[in-house]
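> starting from these lines, generate the structure:
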Amino acid sequence: MIEGNMRDGVKERKAVDLHVHSNKSDGTFTPSELVDYAIEKGLAAMALTDHDTVAGLGEIREYAAKVPGAPEIINGIELSTDLDGRDIHIVGLFIDDENPRFLGELQKFRDSRELRNEKMCAGLKEGLGMDISLKQLREEFPGSVLTRGHYAKYMLHHGYVRTMREAFEKWIGDDGPYFVPREKITPVDGIKLINMAGGVPVLAHPIQYAYSHNKLENLLVEWKEAGLVAMETVYTTYSAEDMAEYKAMAEKLGLLESGGSDFHGTNKVNTDLATGRGNLFVPYEFLEKLRVYSDNMKKGA
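I've put the predicted structure just below:
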């Protein structure tokens, strides 16, 4: 039974957010600030799912442990994978962020991203005469895994563009003249990597991949065979029709449900923690079922 708060004699359901970013990747809130904001938003639980890094998990756990009213913190990550040139994101929940093999693979991700960043800096400097370097980016965004969002913000801060959107549309978007792709793993590899770390693999925001219903369903069958456990049936940009479609698909294929805001702070406008664009609600029941699966998997059931 899910217990909740009482308001006007009606029991409220508890909300969770299982897709959240900090400034350890491309968000703007520190892990500790996310805890404070989650308390303000009334979240019962929150998963920190930074891109290709677990650097914020120690801080968020430690801070939440000493703050009254803090939400339960779920160890998470969001892996960037590639399928035929399409960026596919796999969220991992309940991961062991101290697993040495897992950390070794993440280091390879960082090395690949580092090489890409060096090439992008060189291209922007030579092509646009921009005063930019990896050193300058690190100084402006200390402790972060550098993404194109950081490039866009740097360009905005230093007057090269008027908006972050302009930076992507003109220069560093997928079709931009200074975009440099980095080596990525496949979704199946990402799923297996999360499984290696004892985590629960979740397909993030399938709406963003623009697959037909049948194509997505066929891929989900393949990915489930590789170890995929869940998909995001609740997400900030979904319509009611989208949620109904993804829920039905998850039920048909025997996948669990997950969901989240994909909160990035001020780096993603009109998207708030817990509530997305105003009416997002991810029920605690999702987390309970995901936790049962995780516990059973770790027990070898």
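
> what about residue 142, neighbour count?
Per other CB atoms under 10 Å, the neighbour tally for residue 142 reads 8. Every C-beta, even on glycine, is put in place using the N, C-alpha and C of the backbone.

> likewise residue 217?
Look at residue 217: counted by other CB under 10 Å, it has 14 neighbours.

> again with the one 3 residues further on
Taking other CB under 10 Å as the criterion, the count of residues near residue 220 is 21.

> do the one 3 residues further on as well
Other residues within reach of residue 223, judged by other CB under 10 Å, total 24.

> phi, psi of it?
When quoted as degrees, to the nearest 10, the phi and psi of residue 223 stand at phi -70, psi -30.

> didn't it look like it was pressed against residue 191?
Yes. Judged on CB atoms under 8 Å, residue 223 makes contact with residue 191 at a distance of 6.1 Å.

> run through the helices of the protein in chain order.
Remark: helices assigned in the chain by DSSP state H are 31-41, 57-66, 100-128, 134-140, 148-157, 164-167, 187-196, 213-226, 240-253, 284-299.

> which residues does residue 103 contact?
54, 97 (CB atoms under 8 Å, 6 or more residues apart in numbering).

> kindly recompute the last result at 10 Å.
54, 96-97, 197 (CB atoms under 10 Å, 6 or more residues apart in numbering).

> now these: which count as buried?
Neighbour-count burial within the contacts of residue 103 applies to 54, 97, 197; the criterion is 16 or more other CB atoms under 10 Å.

> and for stretch 131-139, what are the contacting residues?
In this structure, residues lying in contact with stretch 131-139 by CB under 10 Å, 6+ apart are 114, 117-118, 120-125, 140, 144, 146, 150-151, 153-155, 158, 160.

> ok, of those, which come out buried?
117, 120-121, 123-124, 144, 146, 150-151, 153-155, 160.

> picking up where we left off before, shared neighbours of residue 223 and residue 191, anything?
With CB under 10 Å, 6+ apart, residue 223 and residue 191 have common neighbours 90, 201, 203, 229.

> right, and the first one touches residue 197 too?
Which is residue 90. No. Judged on CB atoms under 10 Å, residue 90 makes no contact with residue 197 at a distance of 11.9 Å.

> what's the overlap in contacts for these two?
With CB under 10 Å, 6+ apart, residue 90 and residue 197 have common neighbours residue 77.

> can you list the weak-confidence ranges in this protein?
Per-residue confidence for the chain (pLDDT under 70) gives these ranges: 1-12, 301.

> and the longest strand anywhere in it, what's buried?
Of all the segments of type strand in the chain, defined by DSSP state E, the longest one is strand 72-83. In terms of neighbour count (16+ other CB under 10 Å), strand 72-83 has its buried residues at 73-82.

> tell me which of those residues is nearest to residue 262?
Each of those was scored against residue 262 by CB to CB, and residue 78 proved nearest at 8.9 Å.

> is that closest one in a bridge, and if so with what?
According to DSSP bridges, residue 51, residue 91 are recorded as the beta-bridge partners of residue 78.

> can you pull the contacts of the closest residue in space to residue 189 that isn't next to it in sequence?
Spatial nearest neighbour of residue 189, chain neighbours left out: residue 81 (6.7 Å); criterion: CB to CB, 6 or more residues apart in numbering. For residue 81, the contacting residues are 87-90, 184-191, 193, by CB under 10 Å, 6+ apart.

> change it to 7 Å
With contacts taken as CB atoms under 7 Å, 6 or more residues apart in numbering, residue 81 has the following neighbours: 88, 90, 184-187, 189-190.

> one step back: got CSV for the shared contacts of residue 223 and residue 191, with distance to residue 130 and neighbour count too?
Listed next are these as CSV, based on distance: CB to CB, whole Å; neighbours: other CB atoms under 10 Å:
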residue, distance to residue 130, neighbour count
90, 33, 25
201, 38, 26
203, 36, 28
229, 43, 25
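
> of all the residues you listed, which comes closest to residue 275?
The shortest separation between residue 275 and any of the shared contacts of residue 223 and residue 191 is 22.2 Å, and it belongs to residue 203 (by CB to CB).

> the closest one contacts residue 226, correct?
No. The pair residue 203 and residue 226 fails to qualify as a contact (CB atoms under 7 Å) at a distance of 11.4 Å.
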